[in-house]
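Undergrad: Quick one: sequence and predicted model below, then my questions.
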Amino acid sequence: APLQIGVTGGIGSGKSVVCAVFKALDIPVYEADERAKWLTEHDPILKADIQRVLGKEAYTPTGRYNRSWVASQVFADPALLASLNAVIHPRVFADTAAWVNEHADKPYVVKEAALMNQRAGDGNTLDKIIVVQAPVALRIARIRKRDPQRTDSEIQNIIDRQLSDEARFQIADYVVENDEAQLLLPQIIRLHEVFLQQASN
Ligand code: ATP
């Protein structure tokens, strides 16, 4: 099996940019949040399970996942949220495992997720974790440029709910500094060489 490398970091830290470099190096990237969203709309068994937990209204008449309605239902109901996660998470874990198996010929694969608290557990079997870091002010400025409709306080609220930089640093095997002082590309190339070396051992 290929080595499994996690990429995580706070909102706007540059996870997607880092993963784009891995893709350019011909390394497959599993975008966990995107993939989970895709599964909620396209996996018939998961759709049925979600409707069993939340009711038919979880999907629109045309079959789209009614994300805002679901959010409003689980917002103040931790038990319902737990039930929802209990059907979604195992499905995503199984999908991740199948995806890794499809790339058995690669030296390593990358899994990108905003939520990643540990190498093992929560469906993860990661060998190493890369944490992407950038100063909060720079992250906010980059997100505002990317998503002009978002406000500073909205972004700050998300940051406050995410893992702290300190906590993320604790789980990091490698840190990529995505500030304006250090070039990203040489940092990723260096990691690529490290992982190729690890995979060949
Ligand atoms: P999210 O958690 O919101 O998905 P993310 O961690 O994936 O964010 P990116 O989308 O990669 O972050 O980066 C946020 C924004 O900042 C993007 O518009 C990206 O193009 C820009 N950006 C990231 N890194 C740099 C950089 N080194 N120089 C200039 N712009 C950058």
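TA: Okay, I see it. Since we're looking at a predicted model, the values are computed, not measured.

Undergrad: Now do the helices in this structure.
TA: Remark: helices assigned in the chain by DSSP state H are 15-24, 32-42, 44-54, 67-74, 78-102, 136-146, 152-161, 165-171, 184-200.

Undergrad: in the fourth one, what counts as buried?
TA: By neighbour count on 16 or more other C-beta atoms under 10 Å, the buried set for helix 67-74 is 70, 73-74. Placement of C-beta: from N, CA and C, glycine included.

Undergrad: and what of the shortest one?
TA: Within helix 165-171, the residues scored as buried using 16+ other C-beta under 10 Å are 165, 168, 171.

Undergrad: And the closest residue to the second one other than its chain neighbours, how far from Gly9?
TA: Setting aside the residues directly before and after it, Arg168 is nearest to Val131 in space (C-beta to C-beta, 6 or more residues apart in numbering), at 5.0 Å. According to C-beta to C-beta, to the nearest Å, Val131 stands 6 Å off from Gly9.

Undergrad: so what sits against both of the two?
TA: Shared contacts of Val131 and Gly9 (C-beta atoms under 8 Å, 6 or more residues apart in numbering): Arg168.

Undergrad: Which one's more surrounded, those two?
TA: Applying other C-beta atoms under 10 Å to Val131 and Gly9 shows that Gly9 carries more neighbours, namely 28 against 24.

Undergrad: hang on, the earlier thing: I'd like to know which of the buried residues of helix 67-74 is nearest to Lys37.
TA: Val70 (11.6 Å; C-beta to C-beta).

Undergrad: The closest one touches Leu84, doesn't it?
TA: Yes. With contacts counted by C-beta atoms under 8 Å, Val70 reaches Leu84, the gap being 7.3 Å.

Undergrad: what's the most buried one of the helices of the chain?
TA: The highest average neighbour count among these, using mean count of other C-beta atoms under 10 Å, belongs to helix 15-24 at a mean of 17.

Undergrad: Export that helix to CSV, keeping only CA atoms.
TA: C-alpha atoms of helix 15-24 as CSV (Å, rounded to 0.1, in the frame of the first residue of the first chain):
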residue,chain,number,x,y,z
LYS,A,15,-4.2,23.5,1.8
SER,A,16,-5.6,23.5,-1.7
VAL,A,17,-2.6,25.3,-3.1
VAL,A,18,-0.2,22.8,-1.4
CYS,A,19,-2.3,19.9,-2.8
ALA,A,20,-2.2,21.4,-6.3
VAL,A,21,1.6,21.1,-6.2
PHE,A,22,1.4,17.4,-5.1
LYS,A,23,-1.0,16.8,-8.0
ALA,A,24,1.4,18.5,-10.4
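
Undergrad: No more questions from me, cheers.
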